[in-house]
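>>> Give me the fold of what follows.
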Amino acid sequence: MGSDTLESIVKKACSEKQSSFPKEIREFALTLQYYSPRAYLYVRNSFSNILPHPRTLRRWYTVVDGKPGFTLEALQAIKQKVAAGHVYCNLTVDEMCVKRHIEIDTHQNVYGHVNMGTNVVYDCDELPVAKNALVFLVVGLNGYWKIPVGYFLIDGLTEIERGNLLAKAIDLITETGANLHSVTFDGASVNLSMCTSLGADLNTKTPYIENPNTFEKILVFHDQAHMIKLIHNTFGDKKLLKNGDGKLIEWKFIEKLFEKEQEEGLRLATKLTSRHVNYQNEKMNVRLASQVLSKSVSDALLYLRDEDPNFEGCEATAEFCSMVNNAFDIMNSRQLYSKKPYNNAISNQTFDQYKTFTNKFTIYIENLEFLDGLKIVKSKRKTGFRGMVMGLHSALELYEILQLKSHITFLITYKLSQDHLETFFSAVRSRGGLIITQHAASSKRHINDYWYITP
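Down below sits the predicted model:
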């Protein structure tokens, strides 16, 4: 908030006559109250109640129609951004669990059943109860904003049904005038089939869906946090992998490194704990996966190779950790410049370096195999490995597409991740007391609220 806003706060506090709240105060109040109602009440009380009363905030929320389906208000908000300048965005799709529960409000509206936002009357004796909320969220690539453009209460959808919803989302976003060239989802098979139903060839290194309105590419991205988890779990579960040179990549060196640090009472700049070694109950923890497959672990192994005979032959394991770490860093850049050599945004300065690494990484991954000789990229555990390779190639192609349009000079790859949607889900859950599975009715209210907060 600028000095003018602060001045208006002071004047309002000193004025006997209450006037309407300025736009900045509305945004601040709605954002703070959404993320933490308790923090909002504390700030309001600390500043002599000059912020709006919670009842006022609830009244502001009621102007938004938060029913399932695609939301006109959200699409209009994107259209307003387009009117102010070129908009480039990424579409993220994921599901949030909701508790199977039927609720009736004071107006006799029934919530909790499957609802696709079309006002269709289901021709059946028993209407199915929703168990998931399928959410579509748009993230600005050349701005710092995100907004959910729609959600659907579902009990399971086929790939064709999901594909139809994705196609509709693409149409609506394109109609706003925004440039949509990428879509992100996790590696679930139903999502892969969804993209295949829309014409994407997932056997290529840069799969894409053709936008039927502009005939431009919409590149398909796997969420890289999910990919590194899958790679880590494959390594940890199988214990032994083999690289293209026939050298063994061994999980035992990760265990030995942890034991060595415990014996010495010092760490070799790693973050290994017993949770990293005994990860079986935390297979979905991204932090554990990225801290095992890291440069610090790679460097520690190479150091101990020359210092401790127990680490003889760990070079292949160190190389595996380093290669996956660098690939993940490229796909997780959060700013233009970084101290890490592979964590800078994609730009003219880094493009050639990243392209060289991507080609090297592709060959490396394609040559990995299990002990029985089966190539990993042709096995049932291929998703994480292929997803990371496709992510690198697609990110470079996306940058080239944006460069041709001459409106973006660098690409922050973190904007292509699913973290934005996970943060949104966390915010929705926090409104319900951090309950993992919200009721459909409460999910509707909290998603409805989100359309009014600052991205």
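
>>> residues touching the residue nearest to Gln418 when sequence neighbours are not counted, list them.
The shortest distance from Gln418 to any residue other than its chain neighbours is 3.8 Å, reached at Asp223 (Cβ to Cβ, 6 or more residues apart in numbering). Placement of C-beta: from N, CA and C, glycine included. Contact partners of Asp223, counting by Cβ atoms under 8 Å, 6 or more residues apart in numbering, are 184-187, 417-418.

>>> what's the answer for Glu255, then?
Val277.

>>> Check the contacts of Asp223 for the minimum pLDDT and say which it is.
Across these, the bottom pLDDT score, 83, is held by Gly187.

>>> Next, count neighbours for it.
17 (other Cβ atoms under 10 Å).

>>> what's the nearest residue to it if we skip its chain neighbours?
Thr383 (4.3 Å).

>>> from what I can see Lys205 touches Val389, true?
Yes: with contacts counted by Cβ atoms under 8 Å, Lys205 reaches Val389, the gap being 6.5 Å.

>>> Domains of the chain: list them as residue ranges, please.
Per the record, the chain has its domains at 3-10+23-61, 69-223+418-438, 226-393, by automatic domain parsing.

>>> thinking again about what came up before, could you identify the most distant pair in the contacts of Asp223?
Maximum pairwise distance in the contacts of Asp223, criterion Cβ to Cβ, is 13.2 Å, between Gly187 and Ser417.

>>> Distance check, the residue nearest to Gln418 against Phe215.
Here the distance between Asp223 and Phe215 works out to 27 Å (Cβ to Cβ, to the nearest Å).

>>> just Trp251 next, same as before
According to Cβ to Cβ, Trp251 stands 47 Å off from Phe215.

>>> who has more neighbours, these two?
Higher neighbour count among Trp251 and Phe215: Trp251, with 17 against 7, using other Cβ under 10 Å.

>>> which residues sit against stretch 194-211?
Contacts of stretch 194-211 from elsewhere in the structure, counted by Cβ under 8 Å, 6+ apart, are 159-160, 162-163, 166-167, 170, 174, 180, 183, 185, 192, 216-220, 362, 389-390, 393-394, 397.

>>> Selection in PyMOL covering whichever of the residues you listed are buried, please.
Once 16 or more other Cβ atoms under 10 Å is used to decide burial, the buried members of these can be selected in PyMOL as follows:
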select buried, resi 159+162+163+166+167+170+174+180+183+185+192+217+218+219+220+362+389+390+393+394+397
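
>>> need the longest strand for this protein.
Determined from DSSP state E, the single longest strand within the chain is strand 88-99.

>>> Give the other helices and strands that that one contacts.
strand 132-140, helix 159-175, strand 179-185, helix 419-431, strand 438-439, helix 440-450 (3 or more Cβ pairs under 8 Å, 6 or more residues apart in numbering; DSSP states H and E).

>>> change it to 7 Å
The criterion is 3 or more Cβ pairs under 7 Å, 6 or more residues apart in numbering; DSSP states H and E, and the helices and strands that strand 88-99 contacts are strand 132-140, helix 159-175, strand 179-185, helix 419-431, strand 438-439.

>>> then it to CSV, C-alphas only?
What follows is strand 88-99, C-alpha atoms only, in CSV (Å, rounded to 0.1, in the frame of the first residue of the first chain):
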residue,chain,number,x,y,z
TYR,A,88,0.2,-14.9,-21.2
CYS,A,89,-1.0,-17.7,-18.9
ASN,A,90,-0.8,-21.3,-17.9
LEU,A,91,-3.8,-23.5,-17.1
THR,A,92,-3.5,-25.9,-14.2
VAL,A,93,-5.9,-28.8,-13.6
ASP,A,94,-6.2,-30.9,-10.4
GLU,A,95,-8.7,-32.4,-8.0
MET,A,96,-9.4,-31.8,-4.3
CYS,A,97,-11.2,-34.4,-2.2
VAL,A,98,-14.5,-33.3,-0.6
LYS,A,99,-16.3,-35.2,2.1
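
>>> rewinding a little: near the residue nearest to Gly187, how many other residues are there?
Residue crowding around Thr383 was assessed by other Cβ under 10 Å; the count is 21.

>>> what's the answer for the one 3 residues further on, then?
Using other Cβ under 10 Å, Arg386 is surrounded by 22 other residues.

>>> what do you get for Pro54?
Number of residues near Pro54 (other Cβ under 10 Å) recorded here: 14.

>>> Quick check: it vs Glu159, distance?
Distance, Pro54 to Glu159, using Cβ to Cβ: 43 Å.

>>> how about the residue nearest to Tyr337 when sequence neighbours are not counted, what does it touch?
Taking Cβ to Cβ, 6+ apart, and ignoring the residues beside it in sequence, Tyr337 has Asn344 as its nearest neighbour in space, at 5.7 Å. Taking Cβ atoms under 7 Å, 6 or more residues apart in numbering as the definition of contact, the neighbours of Asn344 are 333, 336-338, 350.
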